[in-house]
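Trainee: Let's see this in three dimensions:
(chains A, B, C, D, E, F, G and H, ligands or ions: 2)
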Amino acid sequence: MQSNTIPSITLPSAEHNPTQCRAIQYNSSMQSNTEIRKVVQTLEQTAREILILLQGVHQEAGFKDIPAKCVKVREHFSTVRSQLAILKTKFPSEQYYRFHDQWRFVLQRLVFLASFLVYLETEELVTREAVAEILGIEYEREKGFHLDIEDYLSGVLNLASELSRLAVNSVTARDYARPLRIATFINELDFGFRLLNLKNDSLRKRYDGLKYDVKKIEEVVYDLSIRGLSRSQPSTSSADK
Amino acid sequence: MQSNTIPSITLPSAEHNPTQCRAIQYNSSMQSNTEIRKVVQTLEQTAREILILLQGVHQEAGFKDIPAKCVKVREHFSTVRSQLAILKTKFPSEQYYRFHDQWRFVLQRLVFLASFLVYLETEELVTREAVAEILGIEYEREKGFHLDIEDYLSGVLNLASELSRLAVNSVTARDYARPLRIATFINELDFGFRLLNLKNDSLRKRYDGLKYDVKKIEEVVYDLSIRGLSRSQPSTSSADK
Amino acid sequence: MQSNTIPSITLPSAEHNPTQCRAIQYNSSMQSNTEIRKVVQTLEQTAREILILLQGVHQEAGFKDIPAKCVKVREHFSTVRSQLAILKTKFPSEQYYRFHDQWRFVLQRLVFLASFLVYLETEELVTREAVAEILGIEYEREKGFHLDIEDYLSGVLNLASELSRLAVNSVTARDYARPLRIATFINELDFGFRLLNLKNDSLRKRYDGLKYDVKKIEEVVYDLSIRGLSRSQPSTSSADK
Amino acid sequence: MQSNTIPSITLPSAEHNPTQCRAIQYNSSMQSNTEIRKVVQTLEQTAREILILLQGVHQEAGFKDIPAKCVKVREHFSTVRSQLAILKTKFPSEQYYRFHDQWRFVLQRLVFLASFLVYLETEELVTREAVAEILGIEYEREKGFHLDIEDYLSGVLNLASELSRLAVNSVTARDYARPLRIATFINELDFGFRLLNLKNDSLRKRYDGLKYDVKKIEEVVYDLSIRGLSRSQPSTSSADK
Amino acid sequence: MQSNTIPSITLPSAEHNPTQCRAIQYNSSMQSNTEIRKVVQTLEQTAREILILLQGVHQEAGFKDIPAKCVKVREHFSTVRSQLAILKTKFPSEQYYRFHDQWRFVLQRLVFLASFLVYLETEELVTREAVAEILGIEYEREKGFHLDIEDYLSGVLNLASELSRLAVNSVTARDYARPLRIATFINELDFGFRLLNLKNDSLRKRYDGLKYDVKKIEEVVYDLSIRGLSRSQPSTSSADK
Amino acid sequence: MQSNTIPSITLPSAEHNPTQCRAIQYNSSMQSNTEIRKVVQTLEQTAREILILLQGVHQEAGFKDIPAKCVKVREHFSTVRSQLAILKTKFPSEQYYRFHDQWRFVLQRLVFLASFLVYLETEELVTREAVAEILGIEYEREKGFHLDIEDYLSGVLNLASELSRLAVNSVTARDYARPLRIATFINELDFGFRLLNLKNDSLRKRYDGLKYDVKKIEEVVYDLSIRGLSRSQPSTSSADK
Amino acid sequence: SQRKEEKGSGVGSSSSMVIAFKSFQHELDTKHDKYERLVKLGRDITIESKRTIFILHRIISDPNKDGVLTEAENKLDVVRLKIKQVAQELVGEDLYQYNRAFTPGLQEYVEAVTFQHFIKTRCLLCLEDINKPLIFEEEKSDVKSTSIELLDDPLIPVLEKKQSNPNILSLQVTPVDYLLGVADLTGELMRLCIGSVGNGDIDTPFELGQFLREIFDGFSYIGNTGPYEISRKLYALKQSLAKVENACYTLKVRGSEIPKHMLADLFSTKSELMEHDEDIS
Amino acid sequence: SQRKEEKGSGVGSSSSMVIAFKSFQHELDTKHDKYERLVKLGRDITIESKRTIFILHRIISDPNKDGVLTEAENKLDVVRLKIKQVAQELVGEDLYQYNRAFTPGLQEYVEAVTFQHFIKTRCLLCLEDINKPLIFEEEKSDVKSTSIELLDDPLIPVLEKKQSNPNILSLQVTPVDYLLGVADLTGELMRLCIGSVGNGDIDTPFELGQFLREIFDGFSYIGNTGPYEISRKLYALKQSLAKVENACYTLKVRGSEIPKHMLADLFSTKSELMEHDEDIS
Ligand SMILES: [Mn+2]
Ligand SMILES: [Mn+2]
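Mentor: Numbers count the residues shown, from 1 in each chain, chains lettered A, B, ... in the order given. Ligands and ions are numbered 1, 2, ... in the order given. This is a model prediction of the structure:
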């Protein structure tokens, strides 16, 4: 297509002019960019739909049908898998990090959604391998389109903040056992993150936020404990450990 | 050579002189700018007066005479309508978007004030049609000076943050039922916004602020709930649901 | 309580649900944005091709086949016309200024290219009407997709700086008459712009650049004049090369 | 030719030589600048010392000896008065606004410190007249070195943010009545500022910050109120601690 | 408690309400700003008209009727005087420096125009007193609306750069004597400025530009000299020295 | 002095508070800064006076009394030496580079002036050792207040640009031999600078300017040579080699 | 183009000017090379200091506090070896000439050691105590000898050669680097505070509040007389202080509820809630 | 403060989450260390490439052109050894993951080699010819083997592992780095132009003018479709072109005087000047 327009340019010696041939090559990388952006937009749409579903658990009514919600969300993740499968075809697999910035954000969001889903199902931290499987991508870089470790960690940090909110809303919905379980979970997560040496980047900033999530949940636990609500009551929630 | 052409430019007859003709066109468009700015300043003044009235509801004493305040505010909106009527006359209606930036800010503020007014009256979200009516402008773009959808949404987001503040002050005024109603309202609003496919503009940034309003109100509800204040008290406010 | 209201929002019928209705309106306006951007990209591509053609005149060899170049450029402008015709279909004509920022830059560039073309052909300043015709758009705002006066003026200012470069390269190519004609032309242009009451915007900034073009061309004329080169050569008609 | 004119410039008699005469005038105005800067530096030093004294009230221990601190601060203000008295001598009084920018910043800071002092003493807003008296300068512009209204307002806005911090630390020091009084004070201040028609300058920006102070103090009052701490303690007179 | 104080603020009588009183003072000073801006705009318009007239001297034809042009410009300056007379009425004279920034730019421009006029008439540097007289303002600060020395110097620096341009165009117009006289004039000016102890402000930056004007004019003189044009020709210009 | 004010600060444990003791130390370095600035200002004044003297050589008349000028300049340099001697006492000698930025500019200027002086006297490049001697400072860093190599080179680059200007003015003054000698000198200098590996700093930028000086002088030599002025004429200038 | 040749040969490669410029070339290259080596050492110091800070933050949640402190100390020993290398590069040089190359590294080191010191002692490590461990014994005797003397004079030379102690090497942190490092420390202290609350340590936040207020007073006293960067960091410092004060506030506010609610509301609330639980299900 | 202990012990150091995070720690540290090593190599590449450019500028005034070219070539060999070290670091890695660490270095290398090539051939060295010398033989066999293939596909992987050629190492310059390097080259060419005029070489400026116009056309064609930095450099490129065109203009304008003045004005001017000389003295 572009090769039609180039010859019409009257450079003295176009065929020997490498600047120009470079320009063509460069433009074809622009092509990739555009196509990647399109697929990423579909992923963002699906992520938005999953988010709306999962947000429902914060509602007082939402606590009851968590399992049903999880099933629905699982279905949406199959859409995610096919969209990611299309994304993979849009660029050579060894150039993952060349275009990384374009899907980084949505991938972190999907990691968050997957980890939230798995938490609601099992109250466990989803492993990096498990997220990769849910998303239908690779765990190791060498094998192709994979889940970058910082993206995984970033998504997990979002989970922490979502769970501290969930703890607050659990209390409103009179589920007093869940905040305690969340506290244990987030504490363990916090302990894990403390092992990491982060650079001064966005991951570090989000990690700083984790401290506030830990603090918030600690306050909820305190509120429950001074009122004797922290252990006296049988938990009726759907995901007892 | 030059001596021939230059004098021809200084000829007074505009129709024979493209340069001067251009100058007249250009300068007259600058004129519009100045006049629009003047009307916008009167609108800003009225908006400020309405704001002062409505801010009163956050005071402990203010909770009692909300209906009286709303009546007064309604009167001010008739001033707004006449000022907007003058604004319309300052430029051809099909050039709305040419000068849009000049009144955009004050219009969003007026939307916020109208939506706050309607919320206080009915505890409902004002529709775009209703705001347009309160402001005396068109709802549909084709009909003339209208309410742009982004401006409407922007104003509504400001309402959310005002209401989260109102919830806090309701508790101080010992009205424990209002925060719960506000929580429901803001949750619905949040749900509505999730359906939008926001691009990365100022609206998106404001929407990101909504998240904090939602969290804030959830924490208020939590505080009431853990202290058993959320149901214990008969709500005596003016807009029982 | 919440369980009553939320479902009402997820109702499929848009007419009963203001939030969803809003979402549809908002999202469709985002759609326009995307489509406009695509057409604008094709225009930018064509503009770049015209630019490279016209830049050829600065080459020593390029001075000889200006007429041939102009013919080729005229052909490219027919592509521009069809691309602009597509652009017009992407939004309602009365919303010109809503999306104006998206094509503003490329339109100014096309004005520049058209004015450069016409200068090379006739050594006259292209009128706003003539540019509109070359671009296949309206001259008057009321008639539809038109050429905004600021965009016209902006494009013309770029011409001045291109011509001062052309004057320099003319001398290199031993054409001593052309710089004198360019000087007259730029002086007239400068005089015309002085009549405008420019506000402090980007047009003003570009106009400030014109001062340097005037000075540059005056120095070229000076260099020719002091060496007796400004009269040595018969310069009969204004555009006869 | 040149040899005639140059010597005439180097003549020692200023009255015959406009250039040298100009040089003397210009250089003497630079002189003023330097001397003003020196006095301003001494004012800044004293302001810093006052600041550190007043910051002491935020300490848990600091709440007890507020009256003692105020006495000490009053002494420092006599230093300020003598320094300002020196400043007045450095330039003709009608050129106040010529050099205004040089002391503007430190004057605003001194207004803040004076208003903080008066608040701690009486829990009232210091009037512009009173600040002028504390600083030993004029209240009315016509009378000489005076307190510009914008500087007064700017200093007062800083007080608001200091008081919202004080409210927080009062609670830490178990003084639950003070935050309520601060809330009333800041609300009145906010109301007063709403009457102003602020243009888009630095005062406007600082005023926008007041909103956050209001919100912050409302949240403190909320926290006290929901825990029943807002009435538990007898808060008889306004400034009796 | 709050209910007691707030109403007192909304009392209409300003004398009992410091906040409202402040608001009135503040708002009236904003008023001055607006009116000053309006007068300044008319001054800018007149300055533009004078500039157009004076620019004409750079044209080949323009060299002949310099005296006629000067007469016309003198007429325009009477308009300037009446506009400046209006400006004086817009604020108390001792607040000159308070609003200085608003007319500073146009005043410097008028100084430049007056100095250019006087140069064309007499080939002398206009004194500060003379400019003040042409503009109908005071020379001494004490007497009222005056010409600040920095504004005078700034305007004069613009003259230097205009004259270096005039030298270039004189050569084009075959007036080989004028550049030599301009060279002498600019050298004297440069010498005068060297006596000033400029601080690092905008005046210093403009002065640094003078260096280039000096160099430019030296090169013109060089060009004339090496070609033997510097003495060969009887100077017929209007202001023989 | 400062130790008087510190004790008055009521920090809980001032004697054990290292932050504060640090503050004192820091302020005393501010002391140095102020004193250095004062001496530097006297140096700037002397440099300005020397410059005015040396600038005289560009005048047509100035070419005659170069030797007399040089004698006068030598006298001024003894003032420079005593001022630099004072400067040395203002800070510990091993901390030269701590305060370097404060005198860097004036030192480069003095190097330029010294090198210009020596050039006028001997038409040789002053060595770094010789400049150091003229300025009464050290050549080697280890010995104390010394001449930094980059400052030396910077000053020398200013010489090159002054000499290219001198070449132009020599021609105006009909000294046709001097430009040729300057050409040889600058060419050698250019050759020397080509040996250096400069970083992308201000020295690099100035060095880029040298190329234009070389170009300019090359053009003067060309102009002289095509007119046969380059060797035919006995040089009557004051500094024959 | 014969003029080309003419020019080239005009300048003999043995002219005195050329000889001088060749020595300039060597001098400049030597300086730039040294600067570059110092930049690299500076980056190493920065990275290892940052890692030390991460290790120290683990003290909050790691049961083995001593292990954490030992690990941090070992890391800092490595940093000090790097600083010694810097000192070796600077023997006989003016420290301020190369300061920009490693100043971020030294600031980060200050941040790390003052953080370590706060955790161990709850006090601010002073500049003198930071500088003491930065006096090194030099093994090789072929390097120019240096020494350091601690004087009362605040303007003591920071890198000082001395004839008397021929085997001593030293790099001394400047007051400015110290101040900037301490300014950054406050950010870490804020993190420590929030982390402490989250991990149930309710004493540390109040200690930190007091400590940060003292540092804030110190910086307030310096005000705008300090270097430019300080003014910039002052804002961040104020934010950190506000966060810590808010944390202390929250602890006190929630603590205020214990006695009343524990006794009064406890049973009523619980039974009330149980009723409502049935409503929902 | 018993709650402190409680928390700490709640998280066993052997829990699966902790084990996972320990592996994350190792992965992140390894990555950061490698990045840091690459930054250092990148700085070395930048510095040596810059020095090469300075050497090449000496060609204008140095009579020994071949000596200059040899010296530059030797310098570039050193740079290529550094690039090889980068390649070794990147064996088995995704080049784009670490690209930012050394991209300024590679751009400067592009600038240096294209400058060298222009001086030798008056042509623009193309990307393929830049990349060919960046394929290295690997001595050690214990490193993962890599290879490069030159394909028509513009999106060829830049660092490619291949089973067939087990002893080949390579680092390939990306199109973006190439473009940015060439953009900077134009600044050096402008310097070469001005320097040439000053040294009496009147052919080179016109060759450079033509060459720069071609490059400018190429960049015009890319326009705003290129990376952000290109748009920024486009302005500098335009400035450089203007300077070169102005230099050519001056050469032509002054050249225009030769025939006329040489014959006509020469004597009159001279005699006239001599008269005036006497006036002055
Ligand atoms: Mn840090
Ligand atoms: Mn470069």
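
Trainee: buried residues in stretch G:28-47?
Mentor: G:28, G:31-32, G:34-47 (16 or more other C-beta atoms under 10 Å in any protein chain shown). For every residue, glycine as well, the C-beta is placed using N, CA and C.

Trainee: Please determine whether it lies in contact with chain F.
Mentor: Yes. Stretch G:28-47 comes into contact with chain F (C-beta under 8 Å from any C-beta of the partner chain), by way of G:Leu28, G:Asp29, G:His32.

Trainee: Now look at that stretch and say if it contacts chain A.
Mentor: No. Contact of stretch G:28-47 with chain A (C-beta under 8 Å from any C-beta) is absent, the minimum separation being 8.7 Å.

Trainee: which residues sit against that stretch?
Mentor: Contacts to stretch G:28-47, defined as C-beta atoms under 8 Å, 6 or more residues apart in numbering or on different chains, come from residues F:149-150, F:196-199, G:79, G:82-83, G:85-86, G:89-90, G:93, G:98, G:101-106, G:108-109, H:32, H:36, H:39-40, H:43-44, H:47.

Trainee: Could you give the average pLDDT over it?
Mentor: Averaged over stretch G:28-47, pLDDT sits at 96.

Trainee: Distance from it to the middle of the chain?
Mentor: 18 Å (C-alpha atoms, centre = their mean, to the nearest Å).

Trainee: what does stretch G:237-250 give?
Mentor: How far stretch G:237-250 lies from its chain's middle: 21 Å, per C-alpha atoms, centre = their mean.

Trainee: pLDDT on that stretch, on average?
Mentor: Stretch G:237-250 comes out at a mean pLDDT of 95.

Trainee: List the buried residues for it?
Mentor: So for stretch G:237-250, counting by 16+ other C-beta under 10 Å, buried means G:237-238, G:240-250.

Trainee: so G:Met17 makes contact with F:Asp190?
Mentor: No. Using C-beta atoms under 8 Å, G:Met17 is not in contact with F:Asp190, being 10.5 Å away.

Trainee: For those two, indicate the residue with more neighbours.
Mentor: Taking other C-beta atoms under 10 Å in any protein chain shown, G:Met17 and F:Asp190 do not tie; F:Asp190 has more neighbours (23 against 17).

Trainee: Tell me the confidence at that one?
Mentor: So F:Asp190 comes in at 95 (pLDDT).

Trainee: The closest residue to it other than its chain neighbours sits in which helix or strand?
Mentor: Excluding its sequence neighbours, the residue lying closest to F:Asp190 (C-beta to C-beta, 6 or more residues apart in numbering or on different chains) is F:Val214, at 5.0 Å. Following DSSP states H and E, one finds F:Val214 within helix F:202-226.

Trainee: which other helices and strands contact that helix?
Mentor: helix E:202-226, helix F:149-172, helix F:178-194, helix H:175-198, helix H:228-255, helix H:258-263 (3 or more C-beta pairs under 8 Å, 6 or more residues apart in numbering or on different chains; DSSP states H and E).

Trainee: now the ones you listed in a markdown table, with distance to A:Leu166?
Mentor: What follows is the helices and strands packed on helix F:202-226, written out as a markdown table (distance: least, C-beta to C-beta, whole Å):
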| stretch | distance to A:Leu166 |
| --- | --- |
| helix E:202-226 | 59 |
| helix F:149-172 | 62 |
| helix F:178-194 | 69 |
| helix H:175-198 | 44 |
| helix H:228-255 | 40 |
| helix H:258-263 | 88 |
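
Trainee: Ok, which of the ones you listed comes nearest G:Ile53?
Mentor: Closest of these to G:Ile53 is helix H:228-255, at 33.6 Å (criterion: C-beta to C-beta).

Trainee: Stretch A:60-75 and chain G in contact?
Mentor: Yes. Residues of stretch A:60-75 are located near chain G by C-beta under 8 Å from any C-beta, namely A:Glu60, A:Lys64.

Trainee: before we move on, back to that, for G:Glu137, which of the helices and strands packed on helix F:202-226 is the nearest?
Mentor: Per C-beta to C-beta, nearest to G:Glu137 of these: helix F:149-172, 33.5 Å.

Trainee: now the closest one and helix E:202-226, what's the angle there?
Mentor: Relative orientation of helix F:149-172 and helix E:202-226, computed by axes from the mean of the first three to the mean of the last three C-alpha atoms, to 10 degrees: 40 degrees.

Trainee: Helix F:149-172 near chain E anywhere?
Mentor: Yes. Using C-beta under 8 Å from any C-beta, helix F:149-172 reaches chain E at F:Arg165, F:Val168, F:Asn169, F:Val171, F:Thr172.

Trainee: my read: the second one touches F:Lys216, true?
Mentor: Yes. Using C-beta under 8 Å as the test, F:Val168 is close enough to F:Lys216 to be in contact (7.4 Å).

Trainee: Touching both of the two, which residues are there?
Mentor: With C-beta under 8 Å, 6+ apart, F:Val168 and F:Lys216 have no common neighbours.

Trainee: follow-up on the earlier one: just give me the closest of the buried residues of stretch G:237-250 to chain E.
Mentor: Proximity of the buried residues of stretch G:237-250 to chain E (C-beta to the nearest C-beta) peaks at G:Tyr249, which lies at 22.2 Å.

Trainee: Apart from its chain neighbours, what residue comes closest to the closest one?
Mentor: D:Val168 (4.7 Å).

Trainee: so who does the one you found touch?
Mentor: By C-beta under 8 Å, 6+ apart, the contact list for D:Val168 reads D:Pro179, D:Lys216, D:Val220, G:Glu245, G:Asn246, G:Tyr249.

Trainee: Next: A:Ala160.
Mentor: Neighbour list for A:Ala160: A:Ile186, A:Leu189, A:Asp190, A:Leu210, A:Asp213, A:Val214 [criterion: C-beta under 8 Å, 6+ apart].

Trainee: what's the neighbour count on residue 54?
Mentor: Going with chain A. Residues lying near A:Leu54 (other C-beta under 10 Å) number 22.

Trainee: could you do chain G instead?
Mentor: 19.

Trainee: how much space between it and G:Asp44?
Mentor: As judged by C-beta to C-beta, to the nearest Å, G:Phe54 and G:Asp44 stand 16 Å apart.

Trainee: Next: G:Arg58.
Mentor: Counting by C-beta to C-beta, the separation of G:Arg58 from G:Asp44 is 22 Å.

Trainee: Chain B: which of the residues of stretch G:28-47 next to chain F is nearest?
Mentor: Distances from chain B to the residues of stretch G:28-47 next to chain F, taken as C-beta to the nearest C-beta, are shortest for G:His32 (43.0 Å).

Trainee: Now the closest residue to chain H within the stretch 151-281 of chain G. Its backbone dihedrals?
Mentor: Residue nearest to chain H within the stretch 151-281 of chain G (C-beta to the nearest C-beta): G:Gly200, separated by 3.8 Å. In terms of degrees, to the nearest 10, the main-chain angles of G:Gly200 are phi 80, psi 10.

Trainee: what's the spacing between it and A:Glu218?
Mentor: 6 Å.

Trainee: Check G:Arg58 too.
Mentor: Taking C-beta to C-beta, one finds G:Arg58 at 18 Å from A:Glu218.
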